[in-house]
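Trainee: Next comes the sequence, and after it the predicted model I'd like to discuss.
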Amino acid sequence: GLQGDMVAGHSYGEYTALHAAGVLSQADLLRLSEIRGRTMATACDEMPGAMAVVQATKEDLLTHLKGFAGVVIANHNAPLQSVISGSRASVEAVVSHLNQIDVKARILPVAGAFHTCLVAKAQMPLAEAIAATDIKPPKIPVYANSTAQPYDMDVEAIRNQLSKHLLGSVEYV
């Protein structure tokens, strides 16, 4: 009997937030989830990558990333915690560097470099599936993890934002 006043979700969790707000039906949530997972797995097989959690401010982390090509902040999860993403060799080099200067960092056990261009191959099939999905305006605000702002009420704006979700960083702070 509980009803939320607003919803948000971290990365894939934004899909479940959209479902909770009535934007996606259960069938569409499951269909898009399968397509997202399958296309991301294919993209990760073709462009392997890695992610690592780092205990530092975002500003400090950006300073430390200078000189490490192809590594980006994929998630800013908390004031002192971010996740970096990129090629495995580059992410491992950053983690090694950070640990040498007493910044806590560790590789995450994930299948790829999510929220980067290394999974770009998955974006088009997912965007096509989103374009074919019956999207409804949200019944309650859905806060996007890329902007910290509520999704628009306009269905085409929702489709557009959700289509960019896969490659955009998660700005959860």
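Mentor: Nice, thanks for sending it over.
Trainee: Please count neighbours and contacts with C-alpha atoms only from this point.
Mentor: Will do.
Trainee: so which helix or strand takes in residue 42?
Mentor: Following DSSP states H and E, the helix or strand that holds residue 42 is helix 26-46.
Trainee: swap that for residue 77, sorry
Mentor: Going by DSSP H and E, residue 77 is in strand 72-78.
Trainee: for that strand, the distance to its chain's centre please.
Mentor: In this view, strand 72-78 has its centroid 9 Å away from the chain centroid, taken as Cα atoms, centre = their mean, to the nearest Å.
Trainee: looking just at contacts, which helices and strands does that strand meet?
Mentor: Secondary-structure packing of strand 72-78 (3 or more Cα pairs under 8 Å, 6 or more residues apart in numbering; DSSP states H and E): helix 58-65, strand 81-86, strand 170-171.
Trainee: Need the contact partners of the longest one.
Mentor: Applying Cα atoms under 8 Å, 6 or more residues apart in numbering, the set of residues contacting helix 58-65 from outside is 54, 71, 72, 73, 76, 79, 80, 81, 82, 94, 98.
Trainee: Which of the helices and strands packed on strand 72-78 has the highest mean neighbour count?
Mentor: strand 81-86 (a mean of 25; mean count of other Cα atoms under 10 Å).
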